[in-house]
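In: fold the following for me, if possible:
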Amino acid sequence: MLSISPIHCFLFRSIYFSLLFSITIVNEINEALGQNFATPDDLDEADLDAELEMLGDELEELEEEEATPSYLMPATPNDTPGLKDQEEKEAVDDFGLPSAPVRN
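Out: Residues are numbered from 1 along each chain as shown. From the prediction side, this is the model:
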């Protein structure tokens, strides 16, 4: 007669419950992967066009609101601090370079 020791029964049960747990996990994964994530049937071309037009309008509004920040604007000589005093002290030629001193 075949005798089964308690250690063999414990191992058998442990393996059985491990396999049962694994099968449960596999079934849950199969259910999650088996769901239909396609577009709904009641969605038509007109709804998509309306949504696209609305998104385009929002994008245009955002572009209008975004102006170039002052720190990115090019500096003009009139806006540069201290330049007015410098212009009074030095005369410049046609190219914006300091002109040669005139001797009397």
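In: for the protein, what spans make up the helices?
Out: In the chain, the helices defined using DSSP state H lie at 6-33, 45-65, 83-89.
In: show me the shaky parts of this protein.
Out: Residue ranges of the chain with pLDDT under 70: 1-2, 39, 67-70, 75-90, 102, 104.
In: centroid-nearest residue for it?
Out: L59 (15.5 Å; Cα atoms, centre = their mean).
In: for burial, what's the neighbour tally of I4?
Out: 8 (other Cβ atoms under 10 Å). No exception for glycine: its C-beta is placed from N, CA and C like everyone else's.
In: also F21?
Out: F21, neighbours per other Cβ under 10 Å, totals 10.
In: quick one: residues contacting the residue nearest to the centre of the chain.
Out: By Cβ atoms under 8 Å, 6 or more residues apart in numbering, the contact list for L59 is empty.
In: turn the helices of the chain into JSON lines, columns for distance to Y71.
Out: Below are these laid out as JSON lines (distance: least, Cβ to Cβ, whole Å):
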{"stretch": "helix 6-33", "distance to Y71": "50"}
{"stretch": "helix 45-65", "distance to Y71": "18"}
{"stretch": "helix 83-89", "distance to Y71": "18"}
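In: ok, which of the ones you listed comes nearest G96?
Out: helix 83-89 (10.8 Å; Cβ to Cβ).
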